[in-house]
Structures are given as C-alpha cells and as structure tokens.
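Chemist: Fold the following.
(chains A and B)
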Amino acid sequence: MNFVAFRMLTGDRAKYFGIIFGITFAAMLITQQASIFVGLMTRTFGFITDTTQPDIWVMDAKVQFIDDIKPMQDTTLLRIRGVEGIQWAMPLYKGLIKARLENGTFQSCNVIGVDDATLIGGPAEMVEGSLADLRISEGVIVDEVGARSRLARRPTDEAGRPIEGAAPVPLKVGDTLELNDRRAVVVGICRVSRTFQSQPVVYTTYSRATQFAPRERKLLSFILVKAEPGQDIDQLCQRIKSETGLDALKSWDFSVRTYSYFMKYTGIPINFGISVALGFFVGTAVAGQTFYNFTLDNLRHFGALKAMGASNWMLLRMIILQALIVGVIGYGLGVGIASTFGIISRNSELAFRLLPQTLVITGCAIVIICILASLLSIIKVIRLEPAIVFKA
Amino acid sequence: MASGAVIERGVAGGGGGVRGAGSPAVVCRAVTKSYGVGGSKVVALRGIDLEIASGELMMLVGPSGCGKTTLISVIAGILDRDGGDCSVFGVDFNTMSASARTKFRGRNIGFVFQSFNLIPSLTAAENVAVPLMILGEGRHASVRKGREMLERVGLGERTSSLPTQLSGGQQQRVAIARALVHEPRLIVCDEPTSALDHETGHIIMRLLKEVALKEDRVLVIVTHDSRIFEFADRIAKLDDGEVKSVQTPQEMGVVGEDHK
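Modeler: Numbering: from 1, shown residues only, chains lettered A, B, ... in the order given. Got it, this is the predicted structure:
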C-alpha cells in the first residue's frame, strides 16, 4: 500500500507542494537562523581558537570574555614564568586602537601585539608576506577582510575628493596607515576568524603595540602559556591561579567563558531563538493545515480502503509514509537552500556556520513538525467509520 | 432442496420462487440499529429479518431514510448492530475482534459505491488492484490481475486511464472490477446506477449479473432505481426500518426488457 499512499500524496499537486513548501520553509529558516547564530557565537571566541600555540591563557581574575581586557603589569609575565611546569609564557596585547585612514576618517582596529622575539600569538594563516616580516620597522599585518573593506582606500580625484561610486582599493603590502598618530607599514595580509564586532584585525609586535596604544600604566592583556610536556594542564592552571592570584584557563575553557558571557548578557540567543521558533511554528502551521486538508479531501478514499479491509495500522503506515516523504523532501530542500545561502554569503560580513549538530537539530524539528502535521490526520482516519462510504 | 426450503420458509413476506438460490449466505434476525441517544435518538432498523442465499441477487429498496444503507452496512460488517443476529457465511461480526472483522471484509466482501470512490491519482488498473494490495499481494502482480479484471468488464483498452479520463459508466465498471478482483463471496453495491443514465445503468447491471453473480456468491444491491428491479432475484422492500415484503420482480409485476 506504500505505492497507493505515494500516489495519493503526489496526485494532488497543489497540496503536495504546499506541504513541502511549509516544511522547506521551516527547515530553511531553522537551519539558516541557527547557523547564523552559531556563526555569530563562533566569532566571539574566534581569536582564541585562531591562537593555537598556547595551552593556557592567563588573565586578570575579573576578565569575563576575550574583549573584556583588564590589563596587567608587565612584571606579571615574570611571575608566571616562575611557576613550575611552564615551558614558555609570552605576552599578548589586545586592544582597540583607532586607525586614521588616508581620507582622514578613523576606523577602530583590533590591534594584537605578539611577543617580539618568538612572534607567538601571531596569525596562523598568511595570505601575503610572512609573519617574520613583523620584525620590519613599523610593520603591521592586516587581516584580508579588513584590508578589503573597512581599511580599503577610497579612490580620489586629482583634487583629493572622493570619486562617487568608485570601488574601494584594498589595503596592500607597502601601504601605510596611522595608528594613534604613529605610522604603520603593512608588511603582510593574513586570514583570521571574523571578530564579533567586525573590526579589522591588525597584528604587530608587543612592544610596537604598546607604542600604538594610549599610555597606560598596565598594558599586558594576556599571557600565553605552554605547559611542559607531560604536565597536567588542569593542575597547571590551578597552580598558576594559586601562586599568582590571576585566572588561568585552557583555550577551550576561555572560549566557553566568552560565548557563555554573550549567551547570558546579550539578547542574541533570544532574538535568534524567536526566529527559529517562528520557523518551527509557521512550518508546523502551514504543513499541518495543508496535510490535514489533504487528509480531509481523501477521507472518502480512506473510508473506502477501510471498508475494503485496510486496517487502521495499514492506514496509519500510509499517512506516516506520506509525512515521511514530504518531511525528507522538505528537509533536503530547506537545508539545501540554507547551505546555498551560506556558500553565497561566505565572503560577506554575514556570520554563517553550519554545524552537523544544526542539521541534526533541524532534522529533529522537522520530524516533530511531521508528527504534529500528521497527528490530526491520523486521529481523523483512525476514528473514521468505514460506513461513511455509503453516505452520498 | 434444503437451501431452497430455507429461502421459501422465508421471513418478512417470504418471497418464493427464488431462482438459483443456494444455502443461506446472509442471515439477519431481529436486527436493530439506532443512532444518537435520548431525544435525538433515531431508530434506523426495527428488527430486520432477512435471508439471502448463495447465488442470489437481492435488492434492498425503499424510500430515503428507510434503513437500506444501515442494513447493508451491518451486513458488510462496517457498522455494529445494536441487537439481533446477523451472520455472513456463518460468521457473526459481533463475535469477531475489529482486526479479524477487517480481515474478513478484505477477503470476503467486495464493495461498489454510489460515487465510485476511485482514487483519482491511480490508473484504472491500479484502482482495481487496491483490494489485492490490501491483502498483501505485490504491486506488479496486483496490477496485472487488475488489468485482466478490466478486460473482463470490457475496459481492456483503458487500463492506464485515470478516473477523470473515464465516463461515469466506465468508472462504475472499474469499481465493479475492483469489487471482484479478489474473488469475494459477498458483493455489496450502494446505488450502483444512480449516477448513470438509463442505458448505462442497464449495461452495468447486465455486467454485474454476468461477471459477478456465481453460485457461491451473493450480491446485495441498495437502490432507488426501479428501472433495474428486473435484474434482481428478489427484492426486499424496506420502510421505516422494517422489511415490509420480499418478492421476486415477477411477483411485483416488474417485467423488464431482459425478461420479456
């Protein structure tokens, strides 16, 4: 009877496509919004995951997330290096510094200062130039998205006036910019995870970063720590905490703390949750109503099948199969559309990260939608008196 | 003939002279059925006594609301009676579980509906194959048998047509083929000619008698259409939930073209 169920379903094209549309819409919206949410949340700790060398991040005990900088004194580095079980400990500066562009406008940049000697904490992937070029005087490495967008130069005419409608010229190696009134020369272009606030990322050495930064008594943002081989990382974190009074977190734990902060103190989860819920409910309503109407339209046929000897279980299987078919097609289309959207927007500002878990969650949501959509139909058909077929 | 004696012993007016009547296949005694409760209670059957023999074509006739459809539903096992006894081929539906009753219907009863009830998205052959698929037969074998059955009812050329591509008479032929394809012993027809013109109605009835009626098979037809009374072996007149008479067409004075 699977064949009959399939042909009954596809026979009424309008309703068939209507049900698929509802499920596709739900799958697409749930996948897309969840992926944007995941993408956005990933950006909050992207810098931590980009910085792969250290095992432990040491910071002021009151730091709540990666951009919540509570600077420490430079001498703190020496105290950390004195803790037993540490292979190396390197300073890291992280701060927002305004860059003055050629046309006189300012752009806040996420300036990262890495250890002058080892360059530990530098970008993992270079697009142009090399990390070692940071040793060139006044050298900075700019992330490619920032170089292409917010730090890009606006073309000007001979009089120095911006040319309307002209495409911006990306910042390239050899170009200069001003960071807090100090000259900086672009020596490389790197590829990094987007930041949450989408500011350009500028890498330089620690000492040069502290010159770019406004004068403060404390400038050390983080200390990157590598444990000696064989050391228990958790125990080392505890040791650092107890001996220095600072906070020491494994990279993943720091990532969790960062996105937990955003989850707890921003409205992002609620906003995206509403969108996901909207997709779920609209999908359920559209698919459910159309599916129910489809069943009502076929009620006489279900009644005839029942009279002719089809059991409730057989009819139940037919309805489940019909729900399964539209569910699989709708899920495939919805996820496909969302994935295409993600691929198209890959190089844009839009945060989109499609995880396997998102696909599973969307799949579960679609299963629930199909169950809810078919439930009314199932109840109707189970309760159906076959004698209905003798009513004109 | 013992079976004939049963028939002639008769109930509700007897109705002697039954042609080709065999052993009683359907026996209803004091069958009652009502709908609703309290003030809105409607009594549909008030103690129906009726016997139908194997090989017999019995028509149930009467005015609207007289209980014809209720009686045929009880006989076909798709409606529970309130009281009395009713057995079909010696089987009492009320003693069976719901699933056993469903299986019995699937194997032993064929249905022809007033509005055909063909599934619009299935071809004629596929529609005919449905009862076989319900019984668990494979699709290809079922459709093959469906085609063969359509040839028997004269629709061998239209096996791949959808119901919407067929005339009313052709759709009813498909419905008859569907009712017969699994070789049921009881065929119940609800107003099989009411949606058809006179000529097509006669063609359908001739087809039913030729193809459907066998010695070991019973045909029960509910109808308003007096033009097809001539095809019945006996006609049970119902009124107000009771069988008022059971007569042959000749006893009723009905002599159609086929009997002249």
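
Chemist: which ones are touching whatever residue of the stretch 101-250 of chain A ends up closest to chain B?
Modeler: Closest approach between the stretch 101-250 of chain A and chain B, counting by CB to the nearest CB: residue A:194, at 50.5 Å. Every residue, glycine included, has its C-beta placed from N, CA and C. With contact taken as CB atoms under 8 Å, 6 or more residues apart in numbering or on different chains, residue A:194 is in contact with A:43, A:46, A:145, A:349, A:351.

Chemist: Using the three-state scheme, assign the nearest residue to the fourth one once chain neighbours are set aside.
Modeler: Read it as residue A:349. Using CB to CB, 6 or more residues apart in numbering or on different chains and skipping residues adjacent in sequence, the residue nearest residue A:349 is residue A:198, 5.9 Å away. The three-state label given to residue A:198 by DSSP: H, G, I helix; E, B strand; the rest coil is coil.

Chemist: Next one: residue A:198 from residue B:102, what distance?
Modeler: According to CB to CB, to the nearest Å, residue A:198 stands 65 Å off from residue B:102.

Chemist: part of a strand, is residue A:238?
Modeler: No: Residue A:238 is assigned helix when assessed by three-state DSSP, not a strand.

Chemist: count of residues packed around it?
Modeler: 12 (other CB atoms under 10 Å in any protein chain shown).

Chemist: On the pLDDT front, check it for me.
Modeler: Confidence at residue A:238, expressed as pLDDT, is 95.

Chemist: Contacts only, for it.
Modeler: Residue A:238 touches residue A:248, counting by CB under 8 Å, 6+ apart.

Chemist: how close does it get to residue A:230?
Modeler: Counting by CB to CB, the gap from residue A:238 to residue A:230 is 16 Å.

Chemist: go on, residue B:234?
Modeler: 101 Å.

Chemist: residue contacts, residue 59?
Modeler: Reading this off chain A. Shown in contact with residue A:59 (CB under 8 Å, 6+ apart): A:70, A:72, A:221-223, A:246-249.

Chemist: that answer is for a different chain, and I need it for chain B
Modeler: Per CB under 8 Å, 6+ apart, neighbours of residue B:59: B:220-223, B:228-229, B:231-232, B:234-236.

Chemist: what's the answer for residue A:83, then?
Modeler: Contacts of residue A:83 (CB under 8 Å, 6+ apart): A:236, A:239-240, A:243-244.

Chemist: Out of the residues you listed, which comes closest to residue B:47?
Modeler: residue A:236 (94.0 Å; CB to CB).

Chemist: tally of neighbours for that closest one?
Modeler: Residue A:236 has 21 nearby residues by other CB under 10 Å.

Chemist: do you know how far it is from residue A:83?
Modeler: Distance, residue A:236 to residue A:83, by CB to CB: 8 Å.

Chemist: related to what we said a few turns ago, just the buried residues from the contacts of residue A:59, in PyMOL please.
Modeler: The PyMOL command for the buried members of the contacts of residue A:59 (criterion: 16 or more other CB atoms under 10 Å in any protein chain shown) is given here:
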select buried, chain A and resi 72+221+222+223+246+247+248+249
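
Chemist: Format the contacts of residue A:59 as CSV; extra columns: pLDDT.
Modeler: CSV is the format used below for the contacts of residue A:59 (pLDDT from 0 to 100):
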residue, pLDDT
A:70, 93
A:72, 94
A:221, 94
A:222, 95
A:223, 95
A:246, 95
A:247, 95
A:248, 95
A:249, 95
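
Chemist: Tell me the one of the contacts of residue A:59 nearest residue B:121?
Modeler: residue A:249 (62.1 Å).

Chemist: a strand runs through that closest one, doesn't it?
Modeler: Yes: looking at residue A:249 with three-state DSSP, it is inside a strand.

Chemist: Can you give me the buried ones in the helix or strand of chain A with the lowest mean pLDDT?
Modeler: For chain A, using mean pLDDT, DSSP states H and E, the weakest element among its helices and strands is helix A:268-297, scoring a mean of 83. Neighbour-count burial for helix A:268-297, counted by 16+ other CB under 10 Å, picks out A:268, A:272, A:275-276, A:279-280, A:283-284, A:286-288, A:290-292, A:294-295.

Chemist: Sheet partners, orientation included, of the longest strand anywhere in chain A?
Modeler: The longest strand of chain A (DSSP state E) is strand A:86-100. If you go by DSSP bridges, strand A:86-100 pairs up with strand A:106-114 (antiparallel), strand A:176-179 (antiparallel), strand A:222-227 (antiparallel).

Chemist: that older thread, so which of the contacts of residue A:194 belong to strands?
Modeler: Using DSSP E, none of the contacts of residue A:194 sit in strands.

Chemist: In the residues you listed, which has the lowest confidence score?
Modeler: For the contacts of residue A:194, the pLDDT minimum is residue A:349, 74.

Chemist: give me every residue that touches the residue lying closest to residue A:342 once chain neighbours are set aside.
Modeler: Distance criterion CB to CB, 6+ apart; nearest residue to residue A:342, sequence neighbours excluded, is residue A:352 at 4.3 Å. Residue A:352 sits next to A:32, A:35-36, A:39, A:341-342, A:345-346 when contact means CB under 8 Å, 6+ apart.

Chemist: Which pLDDT value goes with residue 220?
Modeler: Just so you know, I chose chain A. The confidence metric pLDDT takes the value 93 at residue A:220.

Chemist: Chain B is the one I meant
Modeler: At residue B:220, the model reports a pLDDT of 93.
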